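Enquirer: quick one: sequence plus predicted model below, questions after.
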Amino acid sequence: MSEAGKRHLAAILAADGAGYSRLMEADEQGTMAALEAARGIFKEQIEENHGHVINMAGDSVLALFDTAAGAVTAALGAQQRLDAASSGVPDDKRLRFRIGVHLGDVMQNADGDVHGDGVNIAARLQSLAVAGGVVVSDAVRGAVKSRIAAKFDNLGAQRVKNIADPVHAFAVVAPTAAHFGSPQRMSRPTRRVAWIACVAILTVVGLALAWKYFAPVSTPTATATMQPPAVAVGGKPSIAVLPFDNMSGDADKAYFADGMTEDLITDLSKVGGLVVLARNSTFQYKGKAHDVREIGKALNARYVLEGSVRRSGETVRVNAQLIDAGSGAHVWADRYDGQMKEIFGLQDTITRNVVKALAVELTQDESARVAQRGTGNVQAYDVLLKGWEHYLKQTPDEFKAAIADFKKAAEIDPTYGRAYAALAAIHWEIYTRYWGSALGLSRDTQADAEKYLAKAMKDPTPLAHEVASAMLVNSQQHTEAIAEAQRAIASDPNDADGYVALANALSFAGRPAEALEAVEKAMRLNPHYPSSYAYQRGLALFGLSRLDEAAAALERAIEINRDDYWSQRLLLAVYGLRGGRRDDAERLAKSIQSSNEKRGRFAAYDPLTIRGVSFWYPFAKAEDAKRFANGLAKAGIPE
């Protein structure tokens, strides 16, 4: 508990007996006995879920918890136990309780009593509940909705006494009795047994939901016992930032919540004292029920940051909570309210509070990097986030929409380096994929990429350095390409894509051992890596002549993305060199030819020939280029 007299964030549980006065008039002795039994149940459930009873005056209960999940679990557990304990009592003689739970600020006096808006709101939510029910605020629902096996029915915005703003309330529909255990068989379980049972059932529910809605996406496997908390190499704390929930009531605002999440990842990545998991890995959990303990194990993350974003017009509310992935306990939580024009300051505050909570010191250089936004124009930032959402979908139509948004962001703020870096990246990808004609871009998209990159380099982001590195590799300026990738890493030590850019430059420069080290570091930062990471690993292994391992890596890349251009063609060369895999090479070549035929006239720009393929594999060393061409020839690819 926080020091007396200081305001702090807590989850507040407020309960009150329904019809208590009526029951006392009818049967005072029986009602007092029921009340004493109910107090025992409340006390047990509160303590089992790491809460603290503040008072039990009359027929009311007030308790504080460090976590919203603990408060809601205690509330549902108490209702379950109370219902079971009075199962033989006629309905009109049962003592039932209404319970409200809120996450907010409280002030605790020296005598242990608490007060403040947080307590008042919890009490008002309690009055909205039906007898035997639980009602929570949107702050609580946002914190626990994917961590508690229960349904939340939206009661809408409620006007409550002595609270100026409406309170958005949700009625919690309790899960089955099995979630809490049978009171007859387990009158007072140990905390360890109760915890294992809770985790096991939550995991089963989570896996069932994941299989139903997201198959065939894999879900981390649950275990009954916790492994030691993950600590990154060098003793640095590792953190995974989960996609913040969009609480705006408008699916079109999801881009803003995702953008906020990605920017928090980027901000934290700039801190050298942390290891921050990449976006690809944490966004695997978007919209899915999850247990932070399992996520911590799956991603090797010591801490998990999660939360929600609500945007209404120019008003923004962000709830954020930092959780210890080993125990599931909250390390820090807070709520931020502000205007869109204050969004950058809000992001900085969250980042600095997380860093402070993890006891990591910001260097002066890191502090400056965290504060660097690239623009002071919120409208330009908002438009860029919309464009980035389109860009990530990686289709020609989405690219077209992304270009329009990136250009608009640059028009709003002509000095916005991030917008120009995005334009450079997308035009370079269009060039390498031959998508220019399909998008109606008649001009040279390579020249466009170079033009936008020149503007981006006036205020370079890690993305700008990564695009520059890719372009320099293509023009066989390998030393310069390595330097640009190293600049990307220096400006963002946790950017997995920076290490992939470095691996690419090192492999083509003839330094495959260093490339393999770089890409494997990227894979540790981004365990749910895209196909490009597996391709880079295959490329490095090809350079080391570890052909069986290279084939396995490239096959994995194609499993992730069956249209992976780069992996398919490198795999042809590996099959050819490997010997005994000519049949595999022929099947792969036929698959590539079939894809080319579907592309129609655009395939003419990209023939499956040794000369055509070799253009995209600019090895610095003649022996590497010759070995690659020899492999293609042995795979049956014509000159």
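Expert: Right, received. Where do you want to start? Numbering: from 1, shown residues only.

Enquirer: what about the stretch 451-600 of the chain, any weak spots by pLDDT?
Expert: 597-600 (pLDDT under 70).

Enquirer: please enumerate the strands of it.
Expert: Using DSSP state E, counting those that start in this stretch, the stretch 451-600 of the chain contains no strands.

Enquirer: please apply the same query to the stretch 201-350 of the chain.
Expert: 238-241, 245-246, 275-276, 303-312, 315-324, 330-339.

Enquirer: could you check the angle the last one makes with strand 315-324?
Expert: Right, the one you point to is strand 330-339. Here strand 330-339 runs at an angle of 170 degrees relative to strand 315-324 (axes from the mean of the first three to the mean of the last three CA atoms, to 10 degrees).

Enquirer: return the set of buried residues in strand 330-339.
Expert: Residues of strand 330-339 classed as buried under the neighbour-count rule (16 or more other CB atoms under 10 Å) are 330, 331, 332, 333, 334, 335, 336. Any C-beta I mention is one placed from the backbone N, CA and C, and that applies to glycine too.

Enquirer: can you give me the domain boundaries for this structure?
Expert: The record's domain parsing of the chain by automatic domain parsing lists 7-189, 233-330+346-359, 533-639.

Enquirer: rewinding a little: so which of the strands of the stretch 201-350 of the chain comes closest to residue 616?
Expert: Closest approach to residue 616 among those (CB to CB): strand 275-276, 31.7 Å.

Enquirer: so what secondary structure elements neighbour the closest one?
Expert: If you count contacts as 3 or more CB pairs under 8 Å, 6 or more residues apart in numbering; DSSP states H and E, strand 275-276 packs onto strand 238-241, helix 254-269.

Enquirer: let's see it at 10 Å
Expert: Under the contact criterion of 3 or more CB pairs under 10 Å, 6 or more residues apart in numbering; DSSP states H and E, strand 275-276 touches strand 238-241, helix 254-269, helix 512-525.

Enquirer: which one of these lies closest to residue 310?
Expert: The minimum distance between residue 310 and the helices and strands packed on strand 275-276 falls on helix 254-269, with 8.9 Å, by CB to CB.

Enquirer: quick one: the closest one to helix 512-525, angle?
Expert: Using the same axes, to 10 degrees, the direction of helix 254-269 lies 120 degrees away from that of helix 512-525.

Enquirer: follow-up on the earlier one: relative to residue 36, which of the strands of the stretch 201-350 of the chain is closest?
Expert: strand 330-339 (32.0 Å).

Enquirer: pairing partners for the closest one, with directions?
Expert: In the sheet, strand 330-339 lines up against strand 315-324 (antiparallel) (DSSP bridges).

Enquirer: how about the strand it pairs with, which residues are buried there?
Expert: Using 16+ other CB under 10 Å as the test for burial, strand 315-324 gives 316, 317, 318, 319, 320, 321, 322, 323, 324.

Enquirer: can I get those residues in JSON lines with distance to residue 302 and pLDDT?
Expert: Listed next are these as JSON lines, based on distance: CB to CB, whole Å; pLDDT from 0 to 100:
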{"residue": "316", "distance to residue 302": "29", "pLDDT": "83"}
{"residue": "317", "distance to residue 302": "28", "pLDDT": "84"}
{"residue": "318", "distance to residue 302": "23", "pLDDT": "84"}
{"residue": "319", "distance to residue 302": "22", "pLDDT": "84"}
{"residue": "320", "distance to residue 302": "17", "pLDDT": "82"}
{"residue": "321", "distance to residue 302": "15", "pLDDT": "84"}
{"residue": "322", "distance to residue 302": "11", "pLDDT": "85"}
{"residue": "323", "distance to residue 302": "10", "pLDDT": "87"}
{"residue": "324", "distance to residue 302": "8", "pLDDT": "85"}
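
Enquirer: which of those sits closest to residue 170?
Expert: Of all these, residue 170 sits closest to residue 319, with 13.9 Å by CB to CB.

Enquirer: might one say that residue 570 is in contact with residue 542?
Expert: Yes: contact criterion CB atoms under 10 Å: residue 570 and residue 542 qualify, at 6.4 Å.

Enquirer: need the overlap of contacts for those two.
Expert: Counting by CB atoms under 10 Å, 6 or more residues apart in numbering, the residues touching both residue 570 and residue 542 are 550, 551, 553, 554, 617, 628, 631.

Enquirer: by neighbour count, which of these wins?
Expert: Among the shared contacts of residue 570 and residue 542, the one with the most neighbours (other CB atoms under 10 Å) is residue 554, at 30 neighbours.

Enquirer: thinking again about what came up before, out of the strands of the stretch 201-350 of the chain, nearest to residue 521?
Expert: So among these, strand 275-276 is nearest, using CB to CB, at 10.3 Å.

Enquirer: partners of that closest one, with directions?
Expert: Note on strand 275-276: by DSSP bridges, its sheet partners are strand 238-241 (parallel).

Enquirer: put the alpha carbons of the partner strand into PDB.
Expert: Extracted in PDB, the C-alpha atoms of strand 238-241 (Å, rounded to 0.1, in the frame of the first residue of the first chain):
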ATOM      1  CA  SER A 238      12.900  -6.600 -21.300                       C
ATOM      2  CA  ILE A 239       9.500  -5.300 -22.100                       C
ATOM      3  CA  ALA A 240       6.700  -6.100 -24.500                       C
ATOM      4  CA  VAL A 241       4.200  -3.400 -25.400                       C
END
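
Enquirer: hang on, the earlier thing: so of the buried residues of strand 330-339, which two are at opposite extremes in space?
Expert: Maximum pairwise distance in the buried residues of strand 330-339, criterion CB to CB, is 17.0 Å, between 331 and 336.

Enquirer: picking that back up, and which of the shared contacts of residue 570 and residue 542 is nearest to residue 299?
Expert: The nearest member of the shared contacts of residue 570 and residue 542 to residue 299, counting by CB to CB, is residue 553 at 20.9 Å.

Enquirer: which residue, other than its chain neighbours, is closest to that closest one?
Expert: The shortest distance from residue 553 to any non-neighbouring residue, by CB to CB, 6 or more residues apart in numbering, is to residue 538 (3.7 Å).

Enquirer: and that neighbour, what does it touch?
Expert: Residue 538 touches 507, 519, 546-547, 549-558, 566-567, 570-571, 574, counting by CB under 10 Å, 6+ apart.
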